[in-house]
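Visitor: Sequence and predicted model, in that order:
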Protein chains: 2
Amino acid sequence: MPDRPLNLLLQAPVFRGAHPDDLRELAVLSTPLSLRRGEALFHAGDEVRSLYLVVRGSVRVYRVGRGGTRELTLHVEGPRQLVSGVTAFQEQAAPERLVTYPAHAEVLQTPTELLSLPAQAVREAAYHTPALAQAVIAYFARRQAELLERMESLVFSELGERLAAYLLEHAAAPWPLPTNSELAALLGTVPELVSRKLGEFYRLGVIRLERRVVQVVDRPALTELAGQAAARR
Amino acid sequence: MPDRPLNLLLQAPVFRGAHPDDLRELAVLSTPLSLRRGEALFHAGDEVRSLYLVVRGSVRVYRVGRGGTRELTLHVEGPRQLVSGVTAFQEQAAPERLVTYPAHAEVLQTPTELLSLPAQAVREAAYHTPALAQAVIAYFARRQAELLERMESLVFSELGERLAAYLLEHAAAPWPLPTNSELAALLGTVPELVSRKLGEFYRLGVIRLERRVVQVVDRPALTELAGQAAARR
DNA sequence: CGCGGGATTGAAGGGATTCAACCCATGTGG
DNA sequence: CCACATGGGTTGAATCCCTTCAATCCCGCG
């Protein structure tokens, strides 16, 4: 089916409200790619040429610090979400100063399917189509609000609160936890601490944990533990 | 002079590259206001009706946490900069869900002069004028990159490194320090710690400090102290 | 001269970090 | 079928930084 890319684009929140005609050209220019868990989509410092729409699977965008011993996950993007969407709109300040990715991106699930879109073309489309401009700008604004929330919880909340908030977000049903390393990167800490805190919650009886499958038992208590980290939801 | 607002708008980086005709309508709708140090521009939770262009003076945008005992300064905006620029572009998700400021804003200098622009009109203008859309989007992208830098340094660097980096940024000549409270809010900590670290740097001989006027004496050493927090500049 | 806001300093305590050891499940190859 | 390697996970202990509360100091100002 030749216009499947177009449908995918139309369903992405970044382009919400756009008319099919606005996206037809981009759909033609898009190229699909499929990666497996652990594979890198790009590295920090690479030149930005394209942006990626997740079709299936998920991608983690992260930065490394402390001489590589530590990672901070900025976003985890699932289907219909954009990777590097904001960066791709940075114009280069000078001809010799290339725009580069400010973070790394790696694939979390096998298989993960993506649509690669040329950054230049997307920019052009957004500038010249009011509906697209509106959607992109609104998307950026949402993104920034999310980043601020993230930043605030990292600065103001302690690890226990952040972990409790994380657990509450996914508490609908028992679900398998990511590895402690991944959790640590999400929460801005190290695997050891995640292990300790999880054990603490377990001993308190607010969660059940068996073979990495976790279930929230005492939601009020967990909400209490999340403190103000959860107050905003 | 009736078209002074227009000139101010034309000089703002947010609207860089715009044609005067694109901004004429906005200039007419703008209203000037003048505030003094300590006065609030808006509070978190207020409905977003306008965005502000700083003409003279400076404005601090910050969030409070830990039950009000602690503040985190997100940005300090000077002349030609926009306050609440990103938030003002958030469309309301539902008719009953107003868009509200996610942070507080207060004036740092007396006098601070601003131009208030109606959010709705600015949005419309940006959507329908390609040059404006381009400028606004580029501005958002830049802003997000800055936020990421900020977030990274808060997560990865220790207080001493952040303070050293801050001092280096302003090291061109001796200059008067803000109060310790303001510094603390910028660095994500409390005034006591700022005092301690400043004293430490002083005893190390890397800065001179007299009546709140600071001067970087040993720049290499300070760069060393800033560690990776300065490596990216 | 006393007042008040900010700055400094001390001390107690807690959370986070780091390094290291150990466990456990899985998978591989002899 | 077992030895072994591997990658997580868990736990302990030492240390460090940050936090918090409180006392004191300093300086400008009425």
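Guide: Thanks, I have the structure now. Just so it is clear, the model here is predicted, and its values are computed rather than measured.

Visitor: biggest helix in chain A, by residue count?
Guide: helix A:130-156 (DSSP state H).

Visitor: Quick check: residues of chain A near DNA strand D?
Guide: A:179-181, A:191-192, A:194-196, A:198-199, A:209, A:212 (C-beta under 7 Å from any atom of the strand). C-beta coordinates here come from the backbone N, C-alpha and C atoms, glycine included.

Visitor: one more time with 10 Å
Guide: Taking C-beta under 10 Å from any atom of the strand as the contact definition, chain A meets DNA strand D at A:37-38, A:155-156, A:158, A:176-184, A:190-200, A:202-203, A:209, A:211-212.

Visitor: on that earlier part again, buried ones in the longest helix of chain A?
Guide: A:130-144, A:147-148, A:150-156 (16 or more other C-beta atoms under 10 Å in any protein chain shown).

Visitor: Quick one: list the elements packing against that helix.
Guide: helix A:20-29, strand A:70-77, helix A:119-128, helix A:159-169, strand B:59-65, strand B:70-77, helix B:119-128, helix B:130-156 (3 or more C-beta pairs under 8 Å, 6 or more residues apart in numbering or on different chains; DSSP states H and E).

Visitor: Quick one: list the elements packing against the third one.
Guide: With contacts defined as 3+ C-beta pairs under 8 Å, 6+ apart, the packing partners of helix A:119-128 are helix A:20-29, strand A:50-56, helix A:130-156, helix B:130-156.

Visitor: how about these, which one is nearest A:A88?
Guide: A:A88 sits nearest to strand A:50-56 of all those, at 4.1 Å, using C-beta to C-beta.

Visitor: Phi and psi next, for A:G68.
Guide: phi 90, psi -10 (degrees, to the nearest 10).

Visitor: What distance do you get for it to B:A145?
Guide: 21 Å (C-beta to C-beta, to the nearest Å).

Visitor: related to what we said a few turns ago, so which of the helices and strands packed on helix A:119-128 comes closest to DNA strand C?
Guide: Nearest to DNA strand C among the helices and strands packed on helix A:119-128 is helix B:130-156 (8.0 Å), distances taken as C-beta to the nearest atom of the strand.

Visitor: How many neighbouring residues does the closest residue to DNA strand C within chain A have?
Guide: Closest residue of chain A to DNA strand C, C-beta to the nearest atom of the strand: A:L159 (3.2 Å). Using other C-beta atoms under 10 Å in any protein chain shown, the number of residues around A:L159 comes to 17.

Visitor: A:L193 is in contact with that one, correct?
Guide: Yes. Taking C-beta atoms under 8 Å as the definition, A:L159 is a contact partner of A:L193 at 5.8 Å.

Visitor: can you list the helices and strands packed on helix A:130-156 in a markdown table and add distance to B:R219 and mean pLDDT?
Guide: A markdown table is the format used below for the helices and strands packed on helix A:130-156 (distance: least, C-beta to C-beta, whole Å; pLDDT from 0 to 100):
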| stretch | distance to B:R219 | mean pLDDT |
| --- | --- | --- |
| helix A:20-29 | 48 | 92 |
| strand A:70-77 | 28 | 94 |
| helix A:119-128 | 38 | 91 |
| helix A:159-169 | 36 | 95 |
| strand B:59-65 | 27 | 93 |
| strand B:70-77 | 23 | 93 |
| helix B:119-128 | 42 | 91 |
| helix B:130-156 | 19 | 91 |
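
Visitor: okay, those in CSV with distance to A:H43 next?
Guide: Output for the helices and strands packed on helix A:130-156, formatted as CSV (distance: least, C-beta to C-beta, whole Å):
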stretch, distance to A:H43
helix A:20-29, 24
strand A:70-77, 13
helix A:119-128, 16
helix A:159-169, 26
strand B:59-65, 32
strand B:70-77, 28
helix B:119-128, 33
helix B:130-156, 16
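
Visitor: wait, which of the ones you listed is closest to B:Q92?
Guide: Nearest to B:Q92 among the helices and strands packed on helix A:130-156 is helix B:119-128 (10.9 Å), distances taken as C-beta to C-beta.

Visitor: the inter-axis angle of that closest one versus strand B:50-56?
Guide: Helix B:119-128 runs at 90 degrees relative to strand B:50-56, counting by axes from the mean of the first three to the mean of the last three C-alpha atoms, to 10 degrees.

Visitor: Can you tell me what sits against helix B:119-128?
Guide: Here helix B:119-128 makes contact (C-beta atoms under 8 Å, 6 or more residues apart in numbering or on different chains) with A:130, A:133-134, A:137, B:22-23, B:25-26, B:29, B:48-51, B:88-89, B:132-133, B:136.

Visitor: Doesn't A:E113 lie inside a strand?
Guide: Yes. A:E113 sits within a strand when classified using DSSP: H, G, I helix; E, B strand; the rest coil.

Visitor: need the contact list for it.
Guide: Each residue near A:E113 by C-beta under 8 Å, 6+ apart is listed here: A:32-34, A:54-57.
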